[in-house]
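Peer 1: coords please:
(2 chains)
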Amino acid sequence: MKADVGPTPPLPSGKAAPPARQSQKEATRQRVIAAARELFDTHGYEGTTIREIARHAGVAVGSVFTTFASKGEILSEVMAARLDPLYAEIDRVMPHVRGSTADRLRTMFAVHFEFEARHVRLFLSHIAAAYDWTLAPGVRPYGRNQRLREVIRETLRRGQAEGDVRPDADLDEVIDLLVSAYAWTYRLVVTSNADAKAMIAVMDRQIGLIADGFALRA
Amino acid sequence: MKHISPNSVAADSPARAPTRRALAKQQTRLKVLAAARRLFSEQGYEGATIRDIASAAGMSTGAVFANFTDKSDLFREIMIDDIEALIASMREAAERGRNVEDGLLKMFMAGYTFYKTRLQLARAAFSVSWDKDGGPTLRGLPNNVTMQDLFTESLANAVTRGELSQEAEVKLRSQMLFDTYLSNFPQAIFEGWSLDALQARARDQIRILLAGARRG
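Peer 2: From the prediction side, this is the model:
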């Protein structure tokens, strides 16, 4: 895999670095991500700067910028690192969750709320970053969570197969409504310091209402 | 571009004509607000500083602080003016609706049309609204609450007319309609969706959200 094969093969960026430098770069990356997670969770998206992240991680501002293009990109990485294990677990469990499609969605979202409520300000940062216009399109975080969309789509498809979701339901519209209902429920944290239990109760009702729009009626 | 409410100048002394001094103060306020609006639109909330706003308005930072306590105060004033104007056009849109669905769609579109020329300001407002410090103030503005009430009124009227069932869960449903209205802004702001595209999407969303409230 070394570059001695020929003149500059089109390797993915970063792959050509020698092992020692590579692992040092990875160590910096991990330190930056850990520091950023703490700061976003304490100060929110607007309140956190790259300079502070660098100081907190004990690395130079310049070396943060050699790894990440922007604050939003760091946050995306923080969230990805958190969410990967969550979705691995959800993917494993969902096929065994029983009940109507609405109930299965309720369970799936309840798991999300329980998970995010532990670091809720981090999640609020994640949503706020969706309005950061300086970010490159690929980085913009919330609403582009394909894992969440896929879990919902899978659940709705299963509902179609089992007969409680209309075969002609517009799944993309339903998914969008559920994803935004989920995000906007976190508004309750901003306005009334709601905990996971309170948000789950509200989301349960919202899912019921959206389900009226996709349910197959007898 | 300007939605500056004239009430603050007259409110101090409704009976007498405003003094020259009060007029001058009002002039200063308007100048600062216009400059702030421009800078928030160009640089976002975070990027615009009081210093820049002052220099754009051609005055000292001291003069700005004599009129506004801080940046969030300035931003709030701008939001209040905008939302007031928007509420008026949403109310008018709701009245033109042929039925509940059409009325809601027209309300959504009144909002998207209003902000089509102020997308960066909308972006700044959303960004602040998710902040744990700035969020509660912005979301709690009396006229923001009024805007949500417009959705509630639309549904309640439809129940009265018999278009929607008595068990329509008006409160939850209008909250969700309002959230859905807001949640389409990222497409408008970042993906350049046209008003037609937004309308098609909003129509589908409204149909899904009303489905369970239909009579019969």
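
Peer 1: Can you give me the domain assignment for chain B?
Peer 2: B:19-68, B:71-216 (automatic domain parsing).

Peer 1: For chain A, which of those is the nearest?
Peer 2: domain B:71-216 (2.4 Å; C-beta to the nearest C-beta). Where you see a C-beta, it was placed from the backbone N, CA and C, and this is true even at glycine.

Peer 1: The closest one and chain A, any residue contact?
Peer 2: Yes. Using C-beta under 8 Å from any C-beta of the partner chain, domain B:71-216 comes into contact with chain A via B:120, B:123-124, B:126-133, B:135-136, B:139-140, B:169, B:172-173, B:176, B:179-180, B:182-183, B:186, B:189-190, B:201, B:204-205, B:207-213.

Peer 1: among those residues, which are in helices?
Peer 2: Among the residues of domain B:71-216 next to chain A, the members found in helices (DSSP state H) are B:120, B:123-124, B:126-129, B:135-136, B:139, B:172-173, B:176, B:179-180, B:182-183, B:186, B:189-190, B:201, B:204-205, B:207-210.

Peer 1: Write a PyMOL command that selects only the buried members of these.
Peer 2: To isolate in PyMOL the members of these that are buried, counting by 16 or more other C-beta atoms under 10 Å in any protein chain shown, one can use:
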select buried, chain B and resi 120+123+124+126+127+128+129+135+139+173+176+179+180+182+183+186+189+190+201+204+205+208+209+210
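
Peer 1: picking that back up, how about CSV for the domains of chain B, with mean pLDDT added?
Peer 2: Formatted as CSV, the domains of chain B follow (pLDDT from 0 to 100):
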stretch, mean pLDDT
domain B:19-68, 91
domain B:71-216, 89
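
Peer 1: Apart from its neighbours in sequence, what residue is nearest residue 38?
Peer 2: In the absence of a named chain, chain A is used. Nearest non-adjacent residue to residue A:38, counting by C-beta to C-beta, 6 or more residues apart in numbering or on different chains: residue A:56, 6.9 Å away.

Peer 1: I was thinking of chain B, sorry if that wasn't clear
Peer 2: residue B:56 (6.6 Å).

Peer 1: number of nearby residues for the one you found?
Peer 2: 17 (other C-beta atoms under 10 Å in any protein chain shown).

Peer 1: Let me know the next secondary structure element after the helix or strand hosting it.
Peer 2: Residue B:56 is located in helix B:50-57, with elements delineated by DSSP states H and E. Sequence-wise, the next helix or strand downstream of helix B:50-57 (DSSP H and E) is helix B:61-67.

Peer 1: Please enumerate residues in contact with that next one?
Peer 2: The list of residues contacting helix B:61-67 from outside it, by C-beta atoms under 8 Å, 6 or more residues apart in numbering or on different chains, reads B:25, B:28-29, B:32, B:50-51, B:53-54, B:57, B:74.

Peer 1: and with 6 Å instead?
Peer 2: With contact meaning C-beta atoms under 6 Å, 6 or more residues apart in numbering or on different chains, helix B:61-67 is reached by B:29, B:32, B:50-51, B:54.

Peer 1: what's the farthest-apart pair in those residues?
Peer 2: Farthest-apart pair in the contacts of helix B:61-67 is B:29 and B:51; separation 18.0 Å (C-beta to C-beta).

Peer 1: So for these two, which sits in the more crowded spot?
Peer 2: Neighbour tally, residue B:29 and residue B:51, criterion other C-beta under 10 Å: the higher count belongs to residue B:29, 20 against 11.

Peer 1: How many residues are close by residue 194?
Peer 2: Since you didn't name a chain, this refers to chain A. Using other C-beta under 10 Å, residue A:194 is surrounded by 20 other residues.

Peer 1: try again with chain B
Peer 2: When neighbours are counted by other C-beta under 10 Å, residue B:194 comes out with 11.

Peer 1: Once you drop chain neighbours, what's closest to whichever residue of chain A sits closest to chain B?
Peer 2: Nearest to chain B, among the residues of chain A, is residue A:212, at 2.4 Å (C-beta to the nearest C-beta). In space, residue A:212 comes closest to residue B:212 once its chain neighbours are excluded; the distance is 2.4 Å by C-beta to C-beta, 6+ apart.
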